[in-house]
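Q: Predicted structure and sequence below. I'll ask about it afterward.
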Amino acid sequence: MAHEALSNSSALLVTGLKKSYGGLAATRDVTLDIAAGHVHAIIGPNGAGKTTLLSLLSGALAADAGEIFLFGEAMHDRAEQSRVSAGLARSFQITSVFDELTVLENLQVAVQRRQHVSYGFFHSSAQDKEAKDTALSVARRVGLEKFAHQLSSQLSHGARRRLDVGLAIACKPRVLLMDEPMAGMGHEESGEMIALIQSLKQELTVVLVEHDMDAVFALADRITVLVQGAVLATGSVDEIRNNAEVKLAYLGEEEEDGDGDGEKMQEETQ
Ligand SMILES: Nc1ncnc2c1ncn2[C@@H]1O[C@H](COP(=O)(O)OP(=O)(O)OP(=O)(O)O)[C@@H](O)[C@H]1O
């Protein structure tokens, strides 16, 4: 069933999403309208419910209440794999890299998994060729072409995380959920990941959970701040940076840091 109130530009519409772990409300009545083609960042202090929210969106966790629409199509009553097939995929958790396979083989497995869902178990040789070609184009897309025949276990941390993104892209998502893609990265690797996410905007919508505020401010079209499971504010980068409540609840530490590099806040929030 489609959502009637959907605006033309909504990629993901979430209404009244709730999740409790026993007595603890991890997600309280979260409503979000994520526009197509945007990078929409979700930020907030530790324990704010960011990962829980991504798990509810991907279907890894069942919500207690609320609705999720992907381009108007109801997702909340679907299982995780069915959401992936519809175009709602999560990188860094839904897919896993097989160490003993090469970069290309890993990508091929991801493409073949999607074909299996679409066409059933038996593959034609044309589908095998399509899987190889698609895997190679995804390797190119995430900047791993020159490592295509390298074992995944030999990749650097940054390259491995780009492979994670590639595995998600191989599922042909329309909305990609990303859980801390810059985690554990140095400056150069973060820069490469920022450039990759920036380039993804041309073809899909990204929901980005990230503690690295430099990356968030560089990438986000809109930001939602979660505090104790509830939406404190949603707005542009400037609106969020200048929001007094947000500064008090979360960004204040960065302002005190003074140099604007977000380091202090990262320490506070990692
Ligand atoms: N499986 C679980 N069982 C019980 N409580 C949980 C579970 N997972 C998360 N929580 C609690 O739910 C709240 C939200 O956690 P969540 O991991 O979603 O926050 P987060 O914003 O992603 O935090 P972080 O920034 O540290 O990753 C926290 O209080 C956490 O302790």
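A: Nice, I can see it. Predicted, not measured: the structure shown is a model, and the values here were computed from it. Numbers count the residues shown, from 1 in each chain.
Q: Around the ligand, which positions in the stretch 1-150 of the chain sit nearby?
A: 21, 24, 26, 44, 46-52 (Cβ under 6 Å from any ligand atom). Every residue, glycine included, has its C-beta placed from N, CA and C.
Q: Tell me which two in those are the farthest apart.
A: Of all pairs drawn from those, the greatest distance, 16.9 Å, lies between Y21 and G44 (Cβ to Cβ).
Q: where are the low-confidence patches of this protein?
A: 1-8, 92-95, 116-126, 252-270 (pLDDT under 70).
Q: Check the gap between the nearest residue to R241 once chain neighbours are set aside and A244 for me.
A: Nearest non-adjacent residue to R241, counting by Cβ to Cβ, 6 or more residues apart in numbering: L251, 6.8 Å away. Between L251 and A244 the distance is 10 Å, computed by Cβ to Cβ, to the nearest Å.
Q: neighbour count winner among these two?
A: Neighbour count, other Cβ atoms under 10 Å: between L251 and A244, L251 has more, with 21 against 10.
Q: where along the stretch 101-250 of the chain do the helices fall?
A: 103-119, 125-141, 157-169, 187-200, 213-219, 237-241, 244-246 (DSSP state H, counting those that start in this stretch).
Q: Which one of those helices lies nearest to S58?
A: Taking Cβ to Cβ, helix 157-169 is the member of the helices of the stretch 101-250 of the chain nearest to S58, at 10.7 Å.
Q: List the buried residues in that closest one.
A: Within helix 157-169, the residues that qualify as buried are 158-169, counting by 16 or more other Cβ atoms under 10 Å.
Q: As CSV, could you dump the C-alpha coordinates of that helix?
A: The C-alpha coordinates for helix 157-169 follow below in CSV (Å, rounded to 0.1, in the frame of the first residue of the first chain):
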residue,chain,number,x,y,z
HIS,A,157,41.2,-0.9,6.2
GLY,A,158,40.0,1.9,3.9
ALA,A,159,39.9,-0.3,0.8
ARG,A,160,38.0,-3.0,2.7
ARG,A,161,35.4,-0.4,3.7
ARG,A,162,35.1,0.7,0.1
LEU,A,163,34.5,-3.0,-0.8
ASP,A,164,31.7,-3.0,1.9
VAL,A,165,30.1,-0.1,0.0
GLY,A,166,30.6,-2.0,-3.3
LEU,A,167,28.8,-5.0,-1.9
ALA,A,168,25.9,-2.8,-0.9
ILE,A,169,25.9,-1.1,-4.4
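Q: Centre of the chain to it, how far?
A: Distance, stretch centre to chain centre, for helix 157-169: 12 Å (Cα atoms, centre = their mean, to the nearest Å).
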